[in-house]
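Undergrad: Predicted model and sequence follow; I will ask about them next.
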Amino acid sequence: MNSMIALNFLPQDQINLSHSHEKNELKRYRWLALTFLPFDSSISSLMSAIGLECVRRLLSLQEIARKMELEACIDTDNFEKLPLVKTNSQHFFVVDKTMGYQFLARAEEAAQESCSFYRWLLETNATPELHRTLFDFVTQKDSEYLVLQECREQWSMIRSL
């Protein structure tokens, strides 16, 4: 007999967890976009593009919540007015390649954790209406992680020059 207890969340809990997580992701990517802006505009653009994917996921969650008549369980604040994530860093902007590498490494780790989070939500999902959305999020987060990993590896090669 399996000693593991099945963990299933109510649909509103899964939507709320996903929505909160994605809002935090959006804040983090917006912060990274600003942080890299004066040092490497291409990485800043990449972070902005990933942030736009967060917005798409948030809109998708809002749409599914509306269809399931659960829109009251999520906060539908305007995404443009979300505050940036605060950092403990001494500098707001990337000032050298070492600092940029550290921020990219942390972004890669966070993307991997985000992918694991969505995998966990998908594995514990008991709501058919959420399956496709969560599956798509896992696929998107896998791609996001791979893009950030490649970006960090290229940054590493640039640092060694």
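TA: Perfect, thanks for sending it.
Undergrad: and P128, how far is that from S60?
TA: In this structure, P128 and S60 are 16 Å apart, going by Cβ to Cβ, to the nearest Å. Where you see a C-beta, it was placed from the backbone N, CA and C, and this is true even at glycine.
Undergrad: Give me the more crowded residue out of those two.
TA: S60 (15 against 8; other Cβ atoms under 10 Å).
Undergrad: helix/strand/coil for the more buried one?
TA: Here S60 takes the helix state, with states given by DSSP: H, G, I helix; E, B strand; the rest coil.
Undergrad: Tell me the predicted confidence for it.
TA: In this model, S60 is scored at 96, pLDDT.
Undergrad: I'd like to know how far the nearest residue in space to it that is not next to it in sequence sits from K97.
TA: If the residues on either side of it in the chain are set aside, S60 comes closest to T133, at 6.0 Å by Cβ to Cβ, 6 or more residues apart in numbering. Between T133 and K97 the computed distance is 38 Å (Cβ to Cβ).
Undergrad: Neighbour count: these two, which is higher?
TA: Taking other Cβ under 10 Å, T133 and K97 do not tie; T133 has more neighbours (22 against 16).
Undergrad: helix or strand for the most centrally placed residue in the chain, which one?
TA: Centroid-nearest residue in the chain: E25, 3.7 Å away (criterion: Cα atoms, centre = their mean). Per DSSP states H and E, E25 falls inside helix 11-36.
Undergrad: List the buried residues in that helix.
TA: 11-12, 14-16, 18-19, 21-23, 25-36 (16 or more other Cβ atoms under 10 Å).
Undergrad: repeat for stretch 64-79
TA: I64, A65, L70, E71, C73, I74, F79.
Undergrad: show me the contacts for the third one.
TA: So the one you mean is L70. Shown in contact with L70 (Cβ atoms under 8 Å, 6 or more residues apart in numbering): P11, Q12, I15.
Undergrad: H131 contacts L122, correct?
TA: Yes: using Cβ atoms under 8 Å, H131 is in contact with L122, at 7.4 Å.
Undergrad: higher neighbour count, the two?
TA: L122 (17 against 12).
Undergrad: List the contacts of that one.
TA: H131, L134, F135, F137, V138.
Undergrad: That one: what secondary structure?
TA: Classified using three-state DSSP, L122 is helix.
Undergrad: again with V94
TA: Per three-state DSSP, V94 ends up coil.
Undergrad: Same list (the contacts of L70) but as TSV, adding distance to S156.
TA: Formatted as TSV, the contacts of L70 follow (distance: Cβ to Cβ, whole Å):
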residue	distance to S156
P11	42
Q12	43
I15	38
